[in-house]
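Engineer: coords below, sequence missing:
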């Protein structure tokens, strides 16, 4: 029986390119001259850290970062979990943006329920941080893909790993 997986993987190379491009734009802007504004990516912990002199400047850096990320990988800003703004030495601030990878259990359950309620002839099973969908025909699987991509818009989900 044909099957495929719904998953949510981040392209770390594209994310690194977006952070590097943001750093170059920050260096080139006159309103950031002489400030501590910068963006760092910790690939091991999957965290982007934004540094600035004030809350206002932190927001300005994020307005540069987010469109840059969207250019490299659409909908990747939706996978960021913005932590609270922290005060660092004096008036300086920083904010961590955690990158969510994989489909969380609540979202996986929502996908499975959506497919079961749709009356499509497919079976959906949660497997770790992915959802495997199995059906008798490819057409039914394509309908399942269309249904999930139409209804789940708050988190970037990809489909792949097709098997016949």
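Structural biologist: Looks like it came in fine. If you're wondering where the values come from, they're calculated on a predicted model, not measured in any experiment. Numbers count the residues shown, from 1 in each chain.

Engineer: Just the buried residues of the host helix or strand of residue 140, please?
Structural biologist: Secondary-structure assignment from DSSP states H and E places residue 140 in helix 138-151. Residues 140, 141, 143, 144, 147, 148 are the ones in helix 138-151 that count as buried (16 or more other CB atoms under 10 Å). Heads up, the C-betas are built off the backbone N, CA and C, glycines and all.

Engineer: any idea how far the third one lies from residue 69?
Structural biologist: The reference is to residue 143. Distance from residue 143 to residue 69, counting by CB to CB, to the nearest Å: 31 Å.

Engineer: One more: the fourth one?
Structural biologist: Taking CB to CB as the criterion, residue 144 is separated from residue 69 by 29 Å.

Engineer: circling back to that earlier point, between the buried residues of helix 138-151, which is nearest residue 101?
Structural biologist: Checking the buried residues of helix 138-151 against residue 101 with CB to CB, the nearest one is residue 148 at 18.5 Å.

Engineer: Surely the closest one and residue 142 touch.
Structural biologist: No. With contacts counted by CB atoms under 8 Å, residue 148 stays clear of residue 142, the gap being 11.1 Å.

Engineer: Spell out which residues make up each domain of the chain.
Structural biologist: Per automatic domain parsing, the structural domains of the chain span 3-8+102-163, 12-99.

Engineer: what is the mean pLDDT for the first one?
Structural biologist: Which is domain 3-8+102-163. For domain 3-8+102-163, mean pLDDT is 88.

Engineer: Likewise for the longest one?
Structural biologist: Looking at domain 12-99 alone, the average pLDDT works out to 90.

Engineer: Quick check: phi and psi at residue 129.
Structural biologist: Main-chain dihedrals, residue 129, degrees, to the nearest 10: phi -100, psi 30.

Engineer: and the gap between it and residue 156?
Structural biologist: Distance from residue 129 to residue 156, by CB to CB: 13 Å.

Engineer: quick one: common contacting residues for those two?
Structural biologist: Common neighbours of residue 129 and residue 156, using CB atoms under 8 Å, 6 or more residues apart in numbering, are residue 8.

Engineer: how far does stretch 103-112 sit from the chain's center?
Structural biologist: Distance, stretch centre to chain centre, for stretch 103-112: 15 Å (CA atoms, centre = their mean, to the nearest Å).

Engineer: Can you tell me what sits against that stretch?
Structural biologist: Applying CB under 8 Å, 6+ apart, the set of residues contacting stretch 103-112 is 6-8, 124-126, 129-131, 148, 152, 155, 157.
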